[in-house]
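> quick one: sequence plus predicted model below, questions after.
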Amino acid sequence: MVGLSRLDEVATEVYGDRDPAAVLATTTPIRVSKERGGYALRLDLPFAERADLDVMRKGDELLVKVGQYKRNVLLPQALRALEVVAANLRGGTLVVRFAAPDGAPVGARGA
């Protein structure tokens, strides 16, 4: 692909009549919330299919592979000491649940 006329063709195909500088999404693609004695990390994966999805924990990272695409997500400090206990894809959102290694509620202190 060479030249401004070819670049204009690509822009027309990708953006149509939309402004290429416009905000096209307003969601937060990665969210963490405290739930059920642990935490849940949510990643928006709107076009992912369950059969193409692979999720793995490696140290302080969550490795997410969808088909041929792979991303390493550095875990927030609050999740690093916790274990992954479940991962589900629902409605285009990957939900990864984390809990304390001993099963105790997160934040519980021993006597």
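Nice, I can see it. For clarity, every value in this text was computed on a predicted model and none was experimentally measured. Numbering: from 1, shown residues only.

> average pLDDT for the helix or strand that contains Ser5, rounded please.
Assigned by DSSP states H and E, Ser5 falls within helix 4-15. Average pLDDT, helix 4-15: 91.

> now what about the following helix or strand past that helix, what contacts it?
Sequence order places strand 30-35 as the next helix or strand after helix 4-15, per DSSP H and E. Contact with strand 30-35 is made by 39-44, 73, 76, 78-79, 97, 106, as judged by Cβ atoms under 8 Å, 6 or more residues apart in numbering. From N, CA and C alone the C-beta is placed, and that goes for glycine too.

> okay, now the sheet partners of strand 30-35, with direction.
Its sheet considered, strand 30-35 pairs with strand 38-44 (antiparallel) by DSSP bridges.

> residues in contact with the residue most central in space within the chain?
Central residue of the chain (Cα atoms, centre = their mean): Leu43, 2.8 Å from the mean position. By Cβ under 8 Å, 6+ apart, the contact set of Leu43 is 29-30, 64, 73, 93-94, 96.

> for it, give the beta-bridge partners.
Bridge pairing for Leu43 - DSSP bridges - gives Ile30, Leu94.

> same check, this time on Val84
Taking DSSP bridges as the rule, Val84 bridges to Phe98.

> these two touch, right, it and Arg97?
Yes: at 7.2 Å, Val84 counts as touching Arg97 under the criterion of Cβ atoms under 8 Å.

> any buried residues in stretch 16-34, and which?
Within stretch 16-34, no residue counts as buried by 16 or more other Cβ atoms under 10 Å.

> chain center to that stretch: distance?
14 Å (Cα atoms, centre = their mean, to the nearest Å).
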